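1. A predicted structure for the sequence below; I have some questions about it.
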Amino acid sequence: MAMLRQPGPRNAIPLMLLMLVGFAAPLLAVIGFSLVPARSFSLWQMPTLENYAGVFSGTNYISFVYSLVFAALTVIVLAVVCYPVALGLVRVFGKWSMFMSLLFTIPLFVSENVRLYGWVLFFIKNGVLLGTLKTIGIEPESWLFTQSIILFGMVYVYLPFMLFPMTLGISMVPKETRDAAFDLGATRWQVFREVDLPLSMPGITIGFLLSFVLAVGAIAEAKVLGGQRIIPVTHDIEIAFTYAQNWPMGSALSVLLMLVVGVLVLVVLRRFDLDTILGKK
Amino acid sequence: MTRSQSTIHGPILELRKLTRTFGALTAVNAIDLDIAEGEFFTIVGPSGSGKTTMLRMLAGMEQATSGDILLRGKRINDVPANRRPTCMVFQSLALFPHRTVGQNIEFPMKIRGVDPAKRKERALQLMRQLRLPENYYGKNVTKCSGGERQRVALARALAYDPEILFFDEPLSAIDYKLRKTLERELKDIHRETGKTFVYITHSLEEAMVMSDRIGVMQAGRLIQVGTPNQIYSTPTNRFVSEFIGDVNVIPVHIGPNGKLISDDFAAEFSVPKIPVGFTGGHLVVRPEFVRFLGSGDASENRLTGRVYNEYALGSRIQYQVRVGEAVFIVEKLRQQAYTGGLDDEVAIGWSGADSILVSD
């Protein structure tokens, strides 16, 4: 192979092997398993699409919809919550705003489950909130184990992933460009619509994408805070691979999830040239 | 006399004790200034002299701490930038990178709700005026060259149809040759539009080329206002005199005989008239006013030294003459170049009327 005489490809061999074994192989295995008959454990069988048909004829599609809807809701709430925060960080801290938004990632050093159980202690009956309220004679129902607290948990967990890119996006809008628009007669709202929003769009989009992709894969919030009030698709996948011992079904669900997320990422990223976004500053 | 219109029109902009402080720092210190309608007024000063802060106050992007800004006699201190009939061309140009050339130019008209056909017509008209090719209308503004972007920024400002245009060092990042071209174009545009231009720069040379009048700023104060000719020939202090290129600035004091004495050159100098109360300061001698003296030539002021080096400056040649330890610079047109050799002893001299005495 003539190519391997060049130092570049030759030196890349170890990494390529690692990627093949560690990344491509498991992915191919999952795709392979999604095409074999249900409840079987061998890849070397006649390919079939029965697992995919099963997703839609059974009840698995419901969890699929739950995951997508909750991820979408999470992104929407995050956008509303994070934009003002990011805007404030940039206006107040200027060039330090990126550092400040990084501080929001500090909770990520603590396991997600631990943080969620912290919220359980906060919201549970006789817990921090309700216990305190009880002493002054108010005894409302616990918020735990509802759909809205699942959304709350997801918003809480994925906030840094929206805030950081958004802050980056907003800090990329030059102050003079905003001044210029204002000077040319634009109102504050017009400056926002014509300059701030379009120029911070790359950051906002990355934030949307990142938090959506992560939120679609969320599982712990529904389990811990929601008490399985809803079953996300990730939970179904876990069940299929463990209790149900139905690898082909789990694989089919995984492949579908990857397809949905993959298509979404490609569609969004095609609208933006990442090089120009990141190369600009 | 330059084409100054200050005698024809009343002031469009009046600054009354305009002041801006940032904490303990007084960036702009009690400035009084009238800018005439249709005038090309340039504020010159080194960075940190407060000129940008002053311009931002005039444009409405910075609040004055005290003092008044009057536009045609009406106080506009509290009118925000978007409602002032003024427009700024920024140092960074501040074009909208996500918009085409046409969209950039049309922006102020779009904001005002001008209908799209009229907008486009006006934008194309401005592009012709600023020598931007018509097919640039749909071009992304980030793909334009530096000079083209400069023209787009000016077209966009003109599309706002302001009464006063402010310029915040728009040419400072541009290479010499293009800058020279754009300086002339800008002055032509000023003539064509007849609008009031207020320009700031750190380059007095740039100010000289374009302005009807120049104001020199130093540490928040406007220390001299005048036509380019006045600034050049009668600077009020050492700072202004040194601002224009190379100049000989000689510390002098009054000797017991009432004459000017320079310790550096161990010589006496004469000027037509020493102001009353002058005790010491600097004598400013422009290098082009200095002559090489022949053996029989008489001169009011005379120094003897050696030619240490020569530097070609295009149409002129500059000579470094050393008088003892002190350095004196002389400039001659290429046609009248010094013909002797380096290290030859030379006598140089100038007429007292060509020198300027400043008291600081």
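-> That came in fine, so what should we check first? Please read all numbers here as calculations on a predicted model, not as lab measurements.

2. Where does pLDDT dip in the chain?
-> Unless you meant another one, I'm taking chain A. A:1-3, A:272-281 (pLDDT under 70).

3. that's the wrong chain, I meant chain B
-> B:1-9.

4. which residues touch the residue nearest the centre of it?
-> Nearest to the geometric centre of chain B sits residue B:207, at 2.9 Å (CA atoms, centre = their mean). Residue B:207 sits next to B:42, B:44, B:199, B:201, B:214, B:228 when contact means CB atoms under 8 Å, 6 or more residues apart in numbering or on different chains. All C-beta spots, glycine's among them, are computed from the backbone N, C-alpha and C.

5. Format the residues you listed as CSV; extra columns: neighbour count and distance to residue A:242.
-> Output for these, formatted as CSV (neighbours: other CB atoms under 10 Å in any protein chain shown; distance: CB to CB, whole Å):
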residue, neighbour count, distance to residue A:242
B:42, 27, 78
B:44, 27, 77
B:199, 26, 74
B:201, 23, 73
B:214, 27, 82
B:228, 19, 86
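
6. Tabulate those residues (JSON lines), appending secondary structure and distance to chain A.
-> Below are these laid out as JSON lines (DSSP: H, G, I helix; E, B strand; the rest coil; distance: CB to the nearest CB, whole Å):
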{"residue": "B:42", "secondary structure": "strand", "distance to chain A": "20"}
{"residue": "B:44", "secondary structure": "strand", "distance to chain A": "22"}
{"residue": "B:199", "secondary structure": "strand", "distance to chain A": "16"}
{"residue": "B:201", "secondary structure": "strand", "distance to chain A": "17"}
{"residue": "B:214", "secondary structure": "strand", "distance to chain A": "24"}
{"residue": "B:228", "secondary structure": "helix", "distance to chain A": "28"}
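
7. Among those residues, find me the one that's closest to residue A:33.
-> residue B:201 (71.1 Å; CB to CB).

8. That closest one contacts residue B:42, doesn't it?
-> Yes: counting by CB atoms under 8 Å, residue B:201 touches residue B:42, with 6.4 Å between them.

9. hmm, what's the outermost residue in chain B?
-> residue B:296 (41.0 Å).

10. Mind checking what secondary structure it has?
-> coil (DSSP: H, G, I helix; E, B strand; the rest coil).

11. still on that earlier bit, name the residues linked to the closest residue to the residue nearest to the centre of chain B other than its chain neighbours by a beta bridge.
-> Distances taken as CB to CB, 6 or more residues apart in numbering or on different chains put residue B:42 closest to residue B:207, at 4.0 Å, once the chain neighbours are dropped. Counting by DSSP bridges, residue B:42 is bridged to residue B:199, residue B:214.

12. Give me the helices and strands touching the host helix or strand of residue A:79, please.
-> Assessed by DSSP states H and E, residue A:79 sits inside helix A:60-93. Counting contacts by 3 or more CB pairs under 8 Å, 6 or more residues apart in numbering or on different chains; DSSP states H and E, helix A:60-93 is packed against helix A:50-57, helix A:97-103, helix A:147-171, helix A:197-216, helix A:233-241, helix A:247-271.

13. 7 Å - rerun?
-> Judged by 3 or more CB pairs under 7 Å, 6 or more residues apart in numbering or on different chains; DSSP states H and E, the packing partners of helix A:60-93 are helix A:97-103, helix A:147-171, helix A:197-216, helix A:233-241.

14. Give me the contact list for the first one.
-> Where contact means CB atoms under 7 Å, 6 or more residues apart in numbering or on different chains, the residues beyond helix A:97-103 that reach it are A:86, A:89-90, A:93, A:163-164, A:167-168, A:171.

15. List only buried entries from these.
-> When the contacts of helix A:97-103 are checked for burial by 16 or more other CB atoms under 10 Å in any protein chain shown, the buried set is A:86, A:89-90, A:163-164, A:167-168, A:171.

16. about what we covered before: what's the angle from the helix holding residue A:79 to helix A:50-57?
-> 80 degrees (axes from the mean of the first three to the mean of the last three CA atoms, to 10 degrees).
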